[in-house]
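Enquirer: I need the structure of the sequence given here:
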Amino acid sequence: MTIRVGVIGAGIMGADHIRTLSRSVRGAEVVLVADLDAGRAAEAAAPAGARSSTGPEALIADLEVDAVIIASHDSTHAALVTACLAAGKPVLCEKPLAPTVEECRDLVELEGGRGLVSLGFMRRFDPSHVELRRRIADGDLGEVLTVHNISRGVRGAPDASNAFAITGSAIHELDSMPWLLGQPITEVAWLSGRKSTSLAPAGLQDPSFMLLRMADGMLVTLELFLNADYGYVTRCEVVGERGTASFTDSPLLETSTARRRSTEYPADWRPRFADAYRLQLQAWIDSLAHGTPTPLATAADGLRASQVAAALLESERSGGAFVRVAYQGTRQETGVRT
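Expert: Numbering: from 1, shown residues only. Okay, the predicted model is just below:
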């Protein structure tokens with residue numbers, strides 16, 4: 001069975017999904033691409049032999065589209081997921097599920113447990129994260145005491161703000177830490193120190209530091225540095241009573257010349273997480289073909305991550321005070337799916 005996919009958004013992420021689906025995912029066919037920029041839509045659609053348009057709503061309604069990927073601007077996610085639910089079509093939405101907690105809650109309620117919404121938290125499929133989770137579950141490290149995260153990029157968006165850094169970047173850890181540790185985040189704090197003045201825009205504290213308190217009292221750290229300049233790096237170290245475990249950097253190339261050995265870092269996240277995106281898309285397509293529940297993050301997972309992000313934003317506005325995460329509203333909000 002072939003799942004015919006429509007992709008909304010032909011920017012960096014949408015174009016990458018189209019290439020991966022066309023080249024590396026069994027049982028999938030990209031049939032339609034929609035983007036407000038007609039030229040960009042046509043260019044992204046061409047390698048897949050797909051049609052293109054400027055109308056995302058028409059794509060969702062198209063009878064030749066079985067399932068939809070939303071990779072458009074964050075501000076469009078809520079309306080487009082709503083349209084997919086109205087059409088009864090499975091949708092894989094890139095993070096965040098929606099810009100606000102209220103919109104996320106509305107989508108969870110609208111979905112009503114039908115399992116139509118999957119969310120693109122691809123770290124759940126990254127082989128390094130999966131192996132780290134297995135080591136924790138197997139007890140190799142003993143009781144886990146703390147986790148340290150580092151997330152650094154080359155250049156953030158020129159208009160990036162503290163709010164964007166949380167909802168557009170740190171939100172990955174806000175999902176992956178509960179998934180990795182099997183328990184929810186209960187309170188958070190956002191802290192700032194010395195700021196990069198040469199590369200960071202005026203509205204962005206870069207780097208920033210976030211503290212995540214888990215349900216059992218464990219404290220998790222995250223350093224987020226969007227304009228680190230030297231390369232894209234994601235690190236995670238789990239510290240246990242009997243040892244530590246972490247995944248290593250994945251340089252693109254190692255060179256030896258002029259009596260020096262050096263490595264090259266990727267310019268963005270795509271090379272580092274290429275396997276994760278491929279495995280996530282394959283798992284999504286397989287679940288649709290077999291009629292099984294999505295193995296990806298769900299709308300409820302997206303809501304929980306947004307609730308943690310909201311608490312971090314409140315901490316940022318409050319000068320770094322610890323803020324409790326408010327998990328209220330729907331029956332599907334609490335707990336961590338395993």
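
Enquirer: Just give me the residue right at the centre of the chain.
Expert: The residue lying closest to the centre of the chain (Cα atoms, centre = their mean) is residue 121, at 3.7 Å.

Enquirer: and stretch 259-268, which residues are buried?
Expert: 265-266 (16 or more other Cβ atoms under 10 Å). All C-beta spots, glycine's among them, are computed from the backbone N, C-alpha and C.

Enquirer: for the record, mean pLDDT for whatever helix or strand residue 69 lives in?
Expert: Following DSSP states H and E, one finds residue 69 within strand 67-70. Model confidence over strand 67-70 averages 98 on the pLDDT scale.

Enquirer: where's it relative to the chain centroid, distance-wise?
Expert: For strand 67-70, the separation from the chain centroid amounts to 15 Å (computed by Cα atoms, centre = their mean, to the nearest Å).

Enquirer: How about residues contacting it?
Expert: 3-9, 14, 17, 59-60, 76-77, 80-81, 84, 89-94, 288 (Cβ atoms under 8 Å, 6 or more residues apart in numbering).

Enquirer: Just the CA atoms of that strand, as CSV, please.
Expert: Taking C-alpha atoms only, strand 67-70 is exported to CSV below (Å, rounded to 0.1, in the frame of the first residue of the first chain):
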residue,chain,number,x,y,z
ALA,A,67,-1.9,12.2,4.6
VAL,A,68,-0.4,15.6,5.2
ILE,A,69,2.9,17.0,6.5
ILE,A,70,2.9,20.6,7.9
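
Enquirer: Pull out the buried residues from whichever helix or strand comes after it.
Expert: Proceeding N to C from strand 67-70, the next assigned helix or strand is helix 77-87, under DSSP H and E. Using 16+ other Cβ under 10 Å as the burial criterion, the residues of helix 77-87 that qualify are 77-78, 80-85.

Enquirer: what helices or strands is helix 77-87 leaning on?
Expert: helix 56-61, strand 67-70, strand 91-93, helix 101-111, strand 117-119 (3 or more Cβ pairs under 8 Å, 6 or more residues apart in numbering; DSSP states H and E).

Enquirer: orientation of the fourth one relative to helix 77-87 in degrees?
Expert: Looking back up the chat, that one is helix 101-111. 10 degrees (axes from the mean of the first three to the mean of the last three Cα atoms, to 10 degrees).

Enquirer: just checking, what packs against helix 101-111?
Expert: Helix 101-111 packs on helix 77-87, helix 299-317, going by 3+ Cβ pairs under 8 Å, 6+ apart.

Enquirer: Can you show me the CA trace of that helix as PDB?
Expert: What follows is helix 101-111, C-alpha atoms only, in PDB (Å, rounded to 0.1, in the frame of the first residue of the first chain):
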ATOM      1  CA  VAL A 101      -0.900  26.500  25.100                       C
ATOM      2  CA  GLU A 102      -4.600  27.400  24.500                       C
ATOM      3  CA  GLU A 103      -4.300  26.500  20.800                       C
ATOM      4  CA  CYS A 104      -2.600  23.300  21.600                       C
ATOM      5  CA  ARG A 105      -5.300  22.400  24.100                       C
ATOM      6  CA  ASP A 106      -8.000  23.100  21.600                       C
ATOM      7  CA  LEU A 107      -6.300  20.800  19.100                       C
ATOM      8  CA  VAL A 108      -6.000  18.000  21.600                       C
ATOM      9  CA  GLU A 109      -9.700  18.300  22.400                       C
ATOM     10  CA  LEU A 110     -10.600  18.600  18.700                       C
ATOM     11  CA  GLU A 111      -8.700  15.400  17.900                       C
END
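
Enquirer: For the residue nearest to residue 231 when sequence neighbours are not counted, give me the pLDDT.
Expert: Excluding the flanking residues, the one nearest residue 231 by Cβ to Cβ, 6 or more residues apart in numbering is residue 265, at 2.3 Å. Looking at residue 265, its pLDDT reads 85.

Enquirer: Surely residue 265 and residue 232 touch.
Expert: Yes - proximity of residue 265 to residue 232 meets the contact threshold set by Cβ atoms under 8 Å, at 6.0 Å.

Enquirer: Give me the contacts around stretch 286-296.
Expert: Stretch 286-296 has contacts (Cβ under 8 Å, 6+ apart) with 1, 3, 27, 66-67, 90, 92, 115, 118-121, 124, 280, 283-284.
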